[in-house]
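> sequence-free structure coming up:
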């Protein structure tokens, strides 16, 4: 399988830390955030990882020189950010007609990615979304599942959340997603532009383990204390 590891964000909420370091390289317990993702890819059968870059791309490129995954990482520079779905659309050739994973690199997790992948292979959904129970549902994309595990409602940052099952930023995806994304001009976002079109056509599965977005100073400080490894 191939993986999109989305790492092009500006990290504006983490300034001044991200003035001189891209968010995907901020240190957590002495290691760059992005490297924890490659720990998860080990043993998963991943062939190649595409990492999109925008802010301080030279530092990301330098990070992968001599990296254990150097020969299996493809860097994709975005002079103008394309959005999460826009990056996938621009790299259709990277996956062809095969299923693939999409992961948001600004999260830190130790979940077993194979659980999401296997769930996707069991059904005929265009997308299978990893979900986690959040204490802050108004700050997340919130999903509602039916008895079959299909997502029947999804709202970004709802005023009145219908559940606490939040988008974990991990998707197993089939090639039908490219028709869903369409040809609208970038930026094109999964949460706002693609996922609402997939209601009833995508599955959700709750993940186990730790997951936290490190995108704010408060959460970045918290993750240093709470990361269990």
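Nice, I can see it. Note that the structure is predicted; figures quoted are calculated from it, not measured. Residues are numbered from 1 along each chain as shown.
> mind listing what residue 154 touches?
Counting by C-beta atoms under 8 Å, 6 or more residues apart in numbering, residue 154 makes contact with 141, 142, 143, 144, 167, 195, 196, 199. To be clear about C-beta, it is placed using only N, CA and C from the backbone, and glycine gets the same treatment.
> and after whichever strand or helix holds the third one, which helix or strand comes next?
Put plainly, it is residue 143. Using DSSP states H and E, residue 143 sits within strand 141-145. From strand 141-145 onward toward the C-terminus, using DSSP H and E, the following helix or strand is strand 151-156.
> what about that following strand, distance to the chain center?
Its chain's average C-alpha position is 17 Å from that of strand 151-156, according to C-alpha atoms, centre = their mean, to the nearest Å.
> now the angle from it to strand 141-145?
Going by axes from the mean of the first three to the mean of the last three C-alpha atoms, to 10 degrees, strand 151-156 is angled at 170 degrees with respect to strand 141-145.
> quick check: buried residues in strand 151-156?
151, 154, 155 (16 or more other C-beta atoms under 10 Å).
> other SSEs contacting the helix or strand following that strand?
With elements assigned by DSSP H and E, the helix or strand that comes after strand 151-156 is strand 165-173. When contacts are defined as 3 or more C-beta pairs under 8 Å, 6 or more residues apart in numbering; DSSP states H and E, strand 165-173 packs onto strand 100-104, strand 107-109, helix 113-122, strand 127-133, strand 141-145.
> elements contacting the fourth one?
Packed against strand 127-133, as judged by 3+ C-beta pairs under 8 Å, 6+ apart, are the following elements: helix 113-122, strand 165-173, strand 202-206.
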